[in-house]
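Enquirer: give me the fold of what follows.
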Amino acid sequence: MLHLTNLKRSMVSSMALGRIMTFSSALATQEINDNGDNFASQNLRKLCKLGQLNEALQILFVMDHHTYHSFLQSCLDNQALDEGKLVQSHMILSGFQSRDISLSNKLVTMYVKCKSLVDAWKVFDEMPQRDVISWTAMISAYAKHERNIEALAIFCEMRGAGAKPDQFTFASVLPACGYVSTLKEVHEDVIRHGYQSDIFVANALVDMYAKCGAVEDAFHVFEEMPQRDIVSWNAMIAGYAQNGLVEKASEVFENMPQRNVVSWTTMVAGYAQNAFVDEAVKLFRKMPERNIVSWNAIIAGYAQNGHGEEALKLFQEMKLAGVNPNSKTFASVLSACAKLGSMEQGKEIHRQLTRSGLPLDVFVGNSLVDMYAKCGSMETAQGVFDGMPQRDEVSWTAMIAGYTQNGYFEEALKLFQEVPNPNMVSQTVMIAGYAKNGYIEEAVKLFQNMPERSVVSWTSLITGYAQNGHLDEALKLFQEMPERNVVTWNAMIAGCVQNGHGEEALKLFERMKLENVKPNPTTFASILPACANLAALEKGVEIHQEIIRSRFQFDFFVGNALIDMYAKCGRIEIARNLFDNMPQRDLVSWNAIISGYAMHGRHGEALELFEQMQYLGMRPDNVTFVGVISACCHAGLVKKGWGYFDCMTQYYHIAPTMENYGCMVDLLGRAGYLDDAREFIRKMPIKPHATIWRSLLGACRLHKNVELGEYAAEQLFDLDPYNAATYVLLSNIYASVGRWDAIEKVRKRMKDNNVQKKPGCSWIEVNKQVYTFLVGDRSHPQIEKIYAELERLSGQIKASGYVPDTRFVLNDLDEEQKEQILCHHSEKLAIAFGFLNTPPGTAIRIIKNLRACGDCHCAIKFISKIEAREIIIRDAYRFHHFKDGECSCGDYW
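Expert: Predicted coordinates:
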C-alpha cells in the first residue's frame, strides 16, 4: 500500500486535487446504473455529494472498473485533460489499464476529445491487445483532425494485424480518403466485409465521392442504397452543388420524400456557391423554418457573389427576426464590408461583435484583419492582429497580404520573416507580394525553395510572371504544372489579355473547355476583354450565349465585362440595354457605360448618365471623370470639361491622376488652346509623365504648331526616348509644313537610338476568326483579290470626288507613289477583305492600333456611301461610325 499512500500525498499536495474532486462531485449527481456498482463506488459518490473530500480520497484508491469508467467519462465530457492524466496515473498503479481493454479504449477516447493526439496514441501504442473499438477510435481521431495520411496508415495497419473493421471503422476512415483511387480501394473493402448496405457507410461514401469530384460514383452509391435517410438525400444535394451541377441538385431536392431545415439550407447554399443568388434568395424565402445556419448560408452567398449591400441588409433582417448572429455570421458580413471597401460599416459590425460577447476566435479575428486591410487601414488591422488571443497561418497571411496590397512591401517582408513556421500558404502570398512589387526573381527563388507547392503556389507565380510582362515564362510554367484548376486557367487567360495576346487567350479558353474545366464567372469576366480588345463581336456574342446558359449573366463582374465588350465592339446600344437591365449596378457598371458612350463620341448620353449617377447617390471616382472629360474632349466642349474637372477636385475632393490630367491637356489641345494646355501642364502639382507631353504633341500635329511641338518632343525624348510615337508625331508636324530636311534629322535620331516605328495594324473578325493586316501587307492568302478590290474601290471613290491627301505620307516622293502608299494602309486592306468575305450590306467592324489618318478617314466616308455599308472603326482614340458618306465624329477627332 506504500505506493498508494505516496500517490495520495502527491495528489493532495497538487492543485489538481481540487479539480479532480470537483469532477467527482459532478459525477455523484449523474444518473448511473447501480447494476454492478460496488459499495465503495456508492460511498464515493455519496461522500463527494456531501463535500467530504478527505473521506472520499480514502475510498478513491479502491476504485473498480465502473468507477474508473465514470471518472474518465466525466473528464471526457468536461475536456479535463489534466484530471484525466491523474486518473490514468492511478489506473497504471492499480494495474487496471494494462488488463482492461475497455478502460484503455475509454482513455484513448478521452484524450482524443481533449485534443491530445500524442497521449491518445501513446495509450493506443502501449495496449497489449486491441479490439475494433481501439482501432476505430484512433482512425476517427486522426481523420477528424484532417491528418488523413496517419488515419489511412492506421487503417492499413489494422488490416495487416488481422483485425476486422466494422461499419463504424469504415464510416471513420472514409472521410480520410482524399483521392478517388484511395476511396475506391476502401470501397472495395466495404463490399468485401458486407457493409455496403449500411446506411452510415453508404452516406459516407456518397459524401466522399462527391467531395473527390466523382459525382457519378456518388450517385451510383446513392441509387444502390436499399434504404435512404434524410442524410443520404442531403449528401447527394451537397455533392451535386459542390461539383457545379445545380440543376441536378435541385432535381434531388424536389424529389425528396421529406425535407428538414438542413435540406433547405444545403440547397440554398448550393445555389449561392454556384452564383445563382436569385434562386438562393427565392428558396430561402420559401423555407418553412430557418436556423442560424440558414441565415449564414444566404448572407455568405450574397457576400461571396459581390452583393455586399444585400448581405448587410439580410444581417439586419436576421437580427430583427430574433436570431442572434454567431462567429460565422460576423465573418460573412465583415467579408461583405471588405469587398465593398466600406470601413465605416466594418467598424460598426466590429462594435456589434464586441457588444455580442462572442469570443474573438481566430476565425472572426482573421475576418477583422482582412476587412481592415482591404479597407486600407493597416494600423487598425495590426492592432486586431496583435490583440488576437490565438493566431493561425491565415492570420499571418492576411496581414502579409494586407501590407502588400496597400503598398507596404517592406513591412510585409519583415512580417513574413517573423512567421513562426512559414507554410505553403504564407509563402504563396509572399510570392504574389514579390511579383506585385516587381521582384520577380525573388518570387521565383522562393517558389523554387518551397518544400511543397499547391496549385495556388503555381498559379501565384504564373500571375506574377504575367504581371511583369514575362508571358512566355508564365505559359511555360502553366504547361509544366502537375495539375491545374479553374483559377489557374483564369490566371493564364487574364495574363494573356493583360499582355495584349487576346488571340492566345481565346485559344486557351477553348482548350480549357476541351479539358472539361467548367468556366466560372471569373473566367468569363477574364475572356470578354480579349473579345473587346480584338473587336471580336461574333466571338463575344457566342461567349455571351454561354454565359446565359451557365446563368452567370447577373454576376456583377460578368455583367460589367459584357457592357465593356459590346461598347468596345461598336454595339453601344446592346451595352446600354444590358446596363439598363442589370438588377444591380456598382461604380464599375456606371464607368463602363459612360466611357463607352465617350468612346463613341456620344457626349450627350455620357453626360446625362453622369448626372443620373450623381442623382442616385453613386459617388464617382477618377475613372468616372476620365470618361466624362473624354466625352467633352471628343465633342470640343472645353468649358464643360473644365467644369467637370473642377467638380472632381473641388466638390468631390478627388486628387487627379495622371490620366485625368492627360484628358484635360487633350481637351484643351484638340480645341486649339495650345498655350492654355502648356500652362496647365506647368501648373500641375506632380511631374508630368510622357503621356501628358504626348497629348500636347498630338495637338501640335493637329494644329501644325512647330515650335510648341518641338518643345513637347524634347520633353518626350528625355522621358521616353525609345517610344517611336514621338518621332512619328514630330515628323507629321514637319511634313505638314513641308520641312523634309527636318524629317530626315528625326529619322537619323531614330536610327541612332535604335528605335523601331510601330507599323499600322488593323484587325477584322469574319466568321468568328480574327484576321490581322499590316500597312502594305502581302502575306494574306487572298492578297491578290484584296489588292484588286482596293483598286476597284479606289477608282469608284475617285470618280465620286475623292482626292487622296498626300500630306499624310512622310516621304518626299512623287504624288503617284504617295497615293500608292496611302491606298495600302492597314484599315483599307481590312475593309477590302471584309467586303470580299461578308454578304452585301453587312456592317464591317475594324480596330486599328494607331489614330486614323486624315486620308483614310476621308476615303472611308466615300466607300461607306458608294457601297451602302456601315463601316465601324475603333482607332487608338475613339470610334468612327461611317455611314452614307458621313462619320459620327463630325470630322473632329
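Enquirer: contacts and neighbour counts: CA atoms only from here.
Expert: Will do.
Enquirer: quick check: K164 touching R130?
Expert: No: counting by CA atoms under 8 Å, K164 sits too far from R130 to count as a contact (11.3 Å).
Enquirer: higher neighbour count, those two?
Expert: Between K164 and R130, R130 has the larger neighbour count (other CA atoms under 10 Å), namely 18 against 13.
Enquirer: that one contacts S102, correct?
Expert: No: between R130 and S102 there is no contact under CA under 8 Å: 9.3 Å.
Enquirer: buried residues in stretch 655-662?
Expert: 656, 658-662 (16 or more other CA atoms under 10 Å).
Enquirer: export these to CSV and tack on distance to S263?
Expert: Shown next, in CSV, are those (distance: CA to CA, whole Å):
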residue, distance to S263
P656, 53
M658, 54
E659, 52
N660, 53
Y661, 57
G662, 57
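Enquirer: tell me, how many neighbours does H220 end up with?
Expert: Neighbours of H220 using other CA under 10 Å come to 12.
Enquirer: for it, helix, strand, or coil?
Expert: Secondary structure assignment for H220 (DSSP: H, G, I helix; E, B strand; the rest coil): helix.
Enquirer: helices - which of the buried residues of stretch 655-662 land there?
Expert: 658-662 (DSSP state H).
Enquirer: tell me the centre residue of the chain?
Expert: T522 (6.8 Å; CA atoms, centre = their mean).
Enquirer: ok, it - contacts?
Expert: Counting by CA atoms under 8 Å, 6 or more residues apart in numbering, T522 touches 490, 557-558.
Enquirer: name the member of those with the most neighbours.
Expert: Of the contacts of T522, with other CA under 10 Å as the count, N490 tops at 26 neighbours.
Enquirer: which secondary structure elements does the longest helix along the chain contact?
Expert: Counting residues, the longest helix in the chain under DSSP H turns out to be helix 783-799. Judged by 3 or more CA pairs under 8 Å, 6 or more residues apart in numbering; DSSP states H and E, helix 783-799 is in contact with helix 826-837, helix 854-866.
Enquirer: go again with 10 Å.
Expert: Counting contacts by 3 or more CA pairs under 10 Å, 6 or more residues apart in numbering; DSSP states H and E, helix 783-799 packs against helix 815-823, helix 826-837, helix 854-866.
Enquirer: mind checking which of those is nearest A218?
Expert: Set against A218 and scored by CA to CA, the helices and strands packed on helix 783-799 come closest in helix 826-837, at 50.9 Å.
Enquirer: just after the closest one, pick out the following helix or strand.
Expert: Counting by DSSP states H and E, the element after helix 826-837 in chain order, helix or strand, is strand 844-848.
Enquirer: CA atoms of that next one as PDB?
Expert: In PDB, the C-alpha atoms belonging to strand 844-848 read as follows (Å, rounded to 0.1, in the frame of the first residue of the first chain):
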ATOM      1  CA  ILE A 844     -17.800  46.000 -91.200                       C
ATOM      2  CA  ARG A 845     -16.000  46.300 -87.800                       C
ATOM      3  CA  ILE A 846     -12.300  47.100 -87.600                       C
ATOM      4  CA  ILE A 847      -9.900  48.100 -84.900                       C
ATOM      5  CA  LYS A 848      -6.600  49.900 -85.500                       C
END
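Enquirer: report the distance from it to the chain centre.
Expert: The chain centre lies 32 Å from the centre of strand 844-848; the measure is CA atoms, centre = their mean, to the nearest Å.
Enquirer: what comes up buried for it?
Expert: Within strand 844-848, the residues that qualify as buried by neighbour count (16+ other CA under 10 Å) are 844-848.
Enquirer: got it, and stretch 584-599?
Expert: 588-599.
Enquirer: which ones among those lie within helices?
Expert: The members of the buried residues of stretch 584-599 that map onto helices under DSSP H are 588-599.
Enquirer: now the residues you listed in CSV, with pLDDT?
Expert: Rendered in CSV, the data for those read as follows (pLDDT from 0 to 100):
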residue, pLDDT
V588, 92
S589, 94
W590, 96
N591, 96
A592, 96
I593, 97
I594, 98
S595, 97
G596, 96
Y597, 97
A598, 96
M599, 94
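Enquirer: pLDDT below threshold where in the stretch 401-550 of the chain?
Expert: Applying pLDDT under 70 to the stretch 401-550 of the chain flags no residue at all.
Enquirer: tell me who's in contact with A161.
Expert: A161 makes contacts with 130, 155, as judged by CA atoms under 10 Å, 6 or more residues apart in numbering.
Enquirer: quick revisit: give me the contacts around the longest helix of the chain.
Expert: The contact list for helix 783-799 (CA under 10 Å, 6+ apart) reads 776-778, 780, 800, 802-804, 823-824, 828-836, 859-867.
Enquirer: cool, stretch 637-647 as well?
Expert: With contacts defined as CA under 10 Å, 6+ apart, stretch 637-647 is touched by 603, 607, 625-626, 628-633, 635, 648, 650-654, 656, 660-661, 663-664, 667-671, 673.
Enquirer: separation between P420 and R391?
Expert: 11 Å (CA to CA, to the nearest Å).
Enquirer: and the helices and strands packed on helix 783-799 as a markdown table, adding mean neighbour count and mean pLDDT?
Expert: A markdown table is the format used below for these (neighbours: other CA atoms under 10 Å; pLDDT from 0 to 100):
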| stretch | mean neighbour count | mean pLDDT |
| --- | --- | --- |
| helix 815-823 | 17 | 63 |
| helix 826-837 | 22 | 95 |
| helix 854-866 | 20 | 93 |
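Enquirer: quick one: which of the ones you listed is nearest L729?
Expert: Using CA to CA, those put helix 854-866 closest to L729, at 13.8 Å.
Enquirer: re earlier: quick check, nearest of the ones in helices among the buried residues of stretch 584-599 to A120?
Expert: Nearest to A120 among those, counting by CA to CA, is V588 at 55.6 Å.
Enquirer: find the nearest non-adjacent residue to that closest one, please.
Expert: N560 (6.7 Å; CA to CA, 6 or more residues apart in numbering).
Enquirer: for the one you found, helix, strand, or coil?
Expert: For N560, the assignment made with three-state DSSP gives helix.
Enquirer: what segments of the stretch 301-450 of the chain are helices?
Expert: 308-320, 327-340, 343-356, 362-374, 378-387, 393-405, 409-418, 424-436, 440-449 (DSSP state H, counting those that start in this stretch).
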